[in-house]
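S.K.: Fold the following and give me the result.
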Amino acid sequence: MRPHLPDEDVERLREQMRACLEARGGEVSARARAAALGRAYLALDETGRQRFLQVLVEDFGVDDGAVDSAVEALRAAEGREARYAAQAQLRNALEAPRVRLLTQFNALPDGIKFLVDLRAELMALSRQDPAFRPIENDLKGLLTAWFDVDLLELKQITWDSATGVLLEKLIAYEAVHAIRGWDDLKNRLAMDRRCFAYFHPRMADEPLIFVEVALVNGLADNVQKLLDEKAPVQDPQAADTAIFYSISNAQRGLAGISFGNFLIKRVVDQLAQEFKGLKTFATLSPIPGFRTWLDQALAEGAPGLIQANERKVLNAAAGKSHGAKGTLKTLINRGNWHSEEQLRDALKGPLTRLCAHYLLNEKGRGGRARDPVAHFHLTNGARMERLNWLADTSAAGIERSAGMMINYLYKLGEIDNNHEAYTGSGEIAASSTTKSLAKG
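M.R.: Below you'll find the model as predicted:
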């Protein structure tokens, strides 16, 4: 088939798909045809792939007539056995033929990875055209079953044991604090560091999600210090705190299939067994939604943003007298404000107060915390422990959260109660210090 999949090639594609579904010649032949179909897809360009997927959507979806007949049969069924048979008929009718076609790729050597990447493409297409959502949902259902956490392997990644391919993928997939090169990566895998990842048995060198941990004393309050390559390596046996400073989802095609909460709990258990001196398990987490919310609130002129005692300080720092909201917006949009002492001092009060308010009070869908990282850790039973001023002065840290980061504390005896309170009624567990910051 030609890369752009012209009309005259589409009918050949349909025939190939039908042949895969009919499974003529036995299972071996069916797998060979599925492999050929997968290779054909990978050889297509963007236009050809979209047309390929349109064929699956339009020609291999649910048969509405079969569903209607099955529903009528269920309504007419009398007796237990007849209803069981009618229910089975309805279940079969509701399964689109393309699901059986997608399932065939599962048996191929690289089939699982192919399907994960295919869903990533479908997610992007679905945002542009809702017609692709049914097949994206079909694929999500399959992957959810195949990537059940009980089927995954938790492995520690070390500098000496990991393959070069895997180490390169850690650098590529790190989504929170970019790995600057091999020396930076080696530092993150040093004796006083740990890195754990979930793997699927059919994707041996492809981490699904990984967490980076620093073994230190006390809560970390600055990520640049934590990742300093020149800092001396500490004795991990003397550490009393495990700091989870980066959690990265490595496969875009597995978005919405949650196993991150299981990862943290498994790693906590493993670290507690290895290091008896660890008493505290916490994060040093970004606050990725803060600046987006703040910029929107400033643009809309939200009432009560700036308190009376903050106005004079902000105006003095700006060197002019005008509305405090405009002054705050002007100051934080200066790229180097965090390197000027007067600006830092003027902005610390209002920004930390507003950030604490954002974390504790601003809500997203369903009454959950608006910040996605906050929602993740609160769902897992953590507590908002401490907000850290200028904890990340990288360009990304300043842009997304005005340099602030937060420690989420995983206190083993409180995790279940915190989880139930948050998921049940939206109640956020937070330290008294964090709560007081929100009030100013």
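
S.K.: how about low-confidence regions in the stretch 301-440 of the chain?
M.R.: Within the stretch 301-440 of the chain, the segments meeting pLDDT under 70 span 320-325.

S.K.: Walking through it, point out its strands one by one.
M.R.: Along the stretch 301-440 of the chain, counting by DSSP state E, counting those that start in this stretch, strands occupy 383-388, 405-409.

S.K.: Switch those strands over to TSV; also include mean neighbour count and distance to Glu174.
M.R.: Where you see a C-beta, it was placed from the backbone N, CA and C, and this is true even at glycine. Output for the strands of the stretch 301-440 of the chain, formatted as TSV (neighbours: other CB atoms under 10 Å; distance: least, CB to CB, whole Å):
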stretch	mean neighbour count	distance to Glu174
strand 383-388	22	21
strand 405-409	25	16
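
S.K.: okay, the most centrally placed residue in the chain: pLDDT?
M.R.: When CA atoms, centre = their mean is applied to the chain, the residue found nearest the centroid is Asn249 (5.0 Å). With respect to pLDDT, Asn249 has a value of 94.

S.K.: what's the single longest helix in the protein?
M.R.: Of all the segments of type helix in the chain, defined by DSSP state H, the longest one is helix 341-361.

S.K.: which ones are touching the closest residue to the residue nearest to the centre of the chain other than its chain neighbours?
M.R.: Leaving aside its chain neighbours, Asn249 sits nearest to Ile209 (5.1 Å; criterion: CB to CB, 6 or more residues apart in numbering). Applying CB atoms under 8 Å, 6 or more residues apart in numbering, we find Ile209 in contact with Ala197, Tyr198, Ile247, Ser248, Asn249, Ala250, Gln251, Phe259, Gly260, Leu263.

S.K.: In the sheet, which residues pair with Ile209? Tell me.
M.R.: Using DSSP bridges, the bridge partners assigned to Ile209 are Tyr198, Asn249.

S.K.: From Pro288, how far off is it?
M.R.: Separation of Ile209 from Pro288 (CB to CB, to the nearest Å) stands at 17 Å.

S.K.: Please apply the same query to Pro372.
M.R.: Pro372 sits 7 Å away from Pro288, taking CB to CB as the criterion.

S.K.: the more surrounded of the two?
M.R.: Here Pro372 and Pro288 are set side by side on neighbour count (other CB atoms under 10 Å), and the busier one is Pro288, at 17 against 13.

S.K.: distance of the more buried one from Ala430?
M.R.: Pro288 sits at a distance of 19 Å from Ala430 (criterion: CB to CB).

S.K.: just Leu215 next, same as before
M.R.: Taking CB to CB as the criterion, Leu215 is separated from Ala430 by 26 Å.

S.K.: what's in contact with the helix or strand hosting Gln270?
M.R.: Using DSSP states H and E, Gln270 maps to helix 260-274. If you take CB under 8 Å, 6+ apart as the criterion, helix 260-274 is touched by 149, 154, 156, 194, 196, 198, 209, 211, 213, 215, 242, 244, 247, 249, 278, 281, 376, 379-380, 410, 412.

S.K.: Need the buried ones from those residues selected in PyMOL.
M.R.: The PyMOL command for the buried members of these (criterion: 16 or more other CB atoms under 10 Å) is given here:
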select buried, resi 154+194+196+198+209+211+213+215+242+244+247+249+278+281+376+379+380+410
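
S.K.: Out of the contacts of helix 260-274, list just those in helices.
M.R.: Phe376, Thr379.

S.K.: quick one on the thing from earlier: most neighbours of all the contacts of Ile209, which one?
M.R.: Ala197 (26 neighbours).

S.K.: List just the one of the strands of the stretch 301-440 of the chain that sits closest to Ala43.
M.R.: The stretch from the strands of the stretch 301-440 of the chain with the least distance to Ala43 (CB to CB) is strand 405-409; that distance is 45.1 Å.

S.K.: The closest one packs against which elements?
M.R.: Applying 3 or more CB pairs under 8 Å, 6 or more residues apart in numbering; DSSP states H and E, one finds that strand 405-409 contacts strand 280-283, helix 372-379, strand 383-388.

S.K.: Make JSON lines out of those and add distance to Leu343.
M.R.: Formatted as JSON lines, the helices and strands packed on strand 405-409 follow (distance: least, CB to CB, whole Å):
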{"stretch": "strand 280-283", "distance to Leu343": "28"}
{"stretch": "helix 372-379", "distance to Leu343": "26"}
{"stretch": "strand 383-388", "distance to Leu343": "18"}
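
S.K.: Which of those sits closest to Ala36?
M.R.: Taking CB to CB as the criterion, helix 372-379 is the member of the helices and strands packed on strand 405-409 that comes nearest to Ala36, at 40.6 Å.

S.K.: Just the C-alphas of the closest one, formatted as CSV.
M.R.: Listed in CSV are the C-alpha atoms of helix 372-379, where the atom choice follows Å, rounded to 0.1, in the frame of the first residue of the first chain:
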residue,chain,number,x,y,z
PRO,A,372,-3.0,17.9,38.9
VAL,A,373,0.0,17.0,41.0
ALA,A,374,-1.9,17.9,44.2
HIS,A,375,-4.8,15.8,43.1
PHE,A,376,-2.5,12.8,42.4
HIS,A,377,-0.8,12.9,45.9
LEU,A,378,-4.0,13.7,47.8
THR,A,379,-5.8,10.8,46.1
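
S.K.: Go ahead and confirm Met384 touches Ile406.
M.R.: Yes: the pair Met384 and Ile406 qualifies as a contact (CB atoms under 8 Å) at a distance of 6.4 Å.

S.K.: Which neighbours do these two have in common?
M.R.: Residues touching both Met384 and Ile406 comprise Leu359, Ala374, with contact defined as CB under 8 Å, 6+ apart.

S.K.: State the number of residues packed around the closest residue to Val62 other than its chain neighbours.
M.R.: Excluding its sequence neighbours, the residue lying closest to Val62 (CB to CB, 6+ apart) is Ala96, at 4.8 Å. Per other CB under 10 Å, the neighbour tally for Ala96 reads 18.

S.K.: So Ala96 is in contact with Gly61, correct?
M.R.: Yes: when contacts are counted by CB under 8 Å, Ala96 is listed as touching Gly61 (4.9 Å).

S.K.: who touches both of those two?
M.R.: By CB under 8 Å, 6+ apart, Ala96 and Gly61 have these common neighbours: Pro134.

S.K.: quick one: contacts of stretch 337-348?
M.R.: Residues external to stretch 337-348 that are found in contact with it (CB under 8 Å, 6+ apart): 313-314, 316-317, 328, 331-332, 334, 389-390, 393, 398, 402-403.

S.K.: quick revisit: go through the contacts of Ile209 and name the one nearest Ile112.
M.R.: Here the nearest of the contacts of Ile209 to Ile112, counting by CB to CB, is Gln251; it sits at 10.3 Å.

S.K.: Please tell me how far the closest one sits from Ile179.
M.R.: Here the criterion is CB to CB. By it, Gln251 lies 18 Å from Ile179.
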